[in-house]
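# Any chance you could fold what I've pasted below:
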Amino acid sequence: MSMEDNKRKKKVALVTGASGFLGSRICGELLRQGYSVKGFDITVLPRSRGHDDVVSPAYSNFELVVGDVTDYASLKKACSGCHVIFHVAAIVESWIPRPSGFMAVNVGGLRNVVRAYKETKTVEKIIYTSSFFALGFTDGHVADETQMHSGKYFCSEYERSKAMADEIALEAAREEGVAMVLLYPGLIYGVGNLTSGNTVANWLVERFNGRLPGYVGQEKAFSFSHVDDVARGHVAAMTKGRLGERYLLSGENASIKDVFDIAAEITHTQKPQFRIPIFVLAVYGWICIFFCKFISQKHPLVTPQAVDISRHQWAYSCEKAKAELDYNPRSLKEGLTEMVPWLKDIGLIKY
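A predicted model of the protein is given here:
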């Protein structure tokens, strides 16, 4: 083991939300690069089918701690002996039955992480995972890190919570002296845990099972970020990111139509032939909410909030991250070429 490898192994990173779609990949990337990792999560999710999420017992320098970012005592205890906190944990949904959960986890969790940083002598910095939603929609232009959320309108309580957390993070970093780098991924997709945060995978499952037969949303509706690119961007931010700075870890700006068309090309199947009207989706969203509340208890894919999000464009530039973090996002086609066959291999779609 080289001196540099030994130095990395002695550096301990705490990753909140370690069992999640992105958190598990950040753990894996840190381990691959030789760091010691302490994963922190409220529960241990089952490993995704047909894919190695890299957080393996084979890594002697990995420890999983069960805890909750809203429980300060468990978080403070987990921070002991750690040098860097990757704060990834969040509720990533367009809707939940108890909306207060967004503020408790997404805002309260960040406040607890900042407090733990201040009260734990070993912690040197925080790498905070925000969201493109914290910057607001971009209708008609491509935004960069200078965009601030207007605060006038929110499509969802998730968006509101991330915008509020962004204000807290910026204040902590720029006015309170907290050593923090702020990261803003785009719409994350890729092979891995099929949580509700893996939105593109869920879209494709619905599309190929006939439950989402047409196009929805705007042109350049989202900035698509592959989960592995985002994970590498996080680890790079630990050593290359400037404290107090914001970095967009976005990707190709494209539409849901582009996703479905590329998927059709990959699978040699027919592209959708029509666009689903927004009002139809809105009605369907309310029906899904009703079923979730009173019948199935299964989280709905389509919600009125998700429909509202689809009315807008969320297009961003990652030039700053490319220049300063050596961030290198892959194309949407490259990412989907890996992802679509995987969904078939694990039996979720047929073509």
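
# show me the contacts for the nearest residue to Cys292 once chain neighbours are set aside.
Leaving out its chain neighbours, the residue that sits closest to Cys292 by CB to CB, 6 or more residues apart in numbering is Pro300, at 5.0 Å. Quick note: C-beta positions are derived from backbone N, CA and C, even for glycine. Contact partners of Pro300, counting by CB atoms under 8 Å, 6 or more residues apart in numbering, are Trp95, Gly285, Cys288, Ile289, Phe291, Cys292.

# Point out the ones among those that are inside strands.
Judged by DSSP state E, the contacts of Pro300 include no members of strands.

# Of these, which qualify as buried by neighbour count?
Using 16 or more other CB atoms under 10 Å as the burial test, these include Trp95, Gly285, Cys288, Ile289, Cys292 as buried.

# okay, now the residue lying closest to Pro213 once chain neighbours are set aside: neighbour count?
Closest residue to Pro213 apart from its sequence neighbours, by CB to CB, 6+ apart: Pro272 at 6.2 Å. Counted with other CB atoms under 10 Å, residues neighbouring Pro272 total 18.

# For the biggest helix by length in the chain, name the packing helices and strands.
Assignment by DSSP state H gives helix 157-174 as the longest helix of the chain. Packed against helix 157-174 by the contact rule (3 or more CB pairs under 8 Å, 6 or more residues apart in numbering; DSSP states H and E) you find helix 100-102, helix 108-119, strand 180-185, helix 304-310.

# Flag the shaky bits of the protein, pLDDT-wise.
For the chain, the stretches with pLDDT under 70 are 1-7, 9, 44-58.

# Which stretches in it count as strands?
All strands of the chain, identified by DSSP E, fall at 12-16, 36-41, 62-66, 84-87, 125-129, 180-185, 187-189, 222-226, 246-249, 252-254.

# Same list, the buried ones among the contacts of Pro300, but as TSV with distance to Leu348 please.
Below are these laid out as TSV (distance: CB to CB, whole Å):
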residue	distance to Leu348
Trp95	23
Gly285	22
Cys288	19
Ile289	24
Cys292	20
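
# picking up where we left off before, residues making contact with the longest helix of the chain?
Residues outside helix 157-174 that contact it (CB under 8 Å, 6+ apart) are 90-96, 99, 102-103, 105-107, 110-111, 114, 128, 130-131, 133-136, 149, 151, 154, 178-180, 182, 243-244, 246, 305, 309.

# Kindly give a single ChimeraX line that selects the buried subset of the residues you listed.
In ChimeraX syntax, the buried subset of those is picked out as below (16+ other CB under 10 Å):
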select :90,91,92,93,94,95,96,99,102,103,105,106,107,110,111,114,128,130,131,133,134,135,136,149,154,178,180,182,244,246,305,309
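
# State the distance from Leu22 to Ile287.
30 Å (CB to CB, to the nearest Å).

# Between the two, which is the more surrounded one?
Between Leu22 and Ile287, Leu22 has the larger neighbour count (other CB under 10 Å), namely 30 against 12.

# That one contacts Ala231, correct?
Yes - Leu22 is in contact with Ala231 according to CB atoms under 8 Å; the separation is 6.7 Å.

# intersection of neighbour lists for the two?
With CB under 8 Å, 6+ apart as the test, Leu22 and Ala231 reach no residue in common.

# re the thing from before, how about the strands of the chain in JSON lines, adding distance to Ile278?
Formatted as JSON lines, the strands of the chain follow (distance: least, CB to CB, whole Å):
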{"stretch": "strand 12-16", "distance to Ile278": "36"}
{"stretch": "strand 36-41", "distance to Ile278": "36"}
{"stretch": "strand 62-66", "distance to Ile278": "42"}
{"stretch": "strand 84-87", "distance to Ile278": "35"}
{"stretch": "strand 125-129", "distance to Ile278": "30"}
{"stretch": "strand 180-185", "distance to Ile278": "26"}
{"stretch": "strand 187-189", "distance to Ile278": "19"}
{"stretch": "strand 222-226", "distance to Ile278": "16"}
{"stretch": "strand 246-249", "distance to Ile278": "27"}
{"stretch": "strand 252-254", "distance to Ile278": "19"}
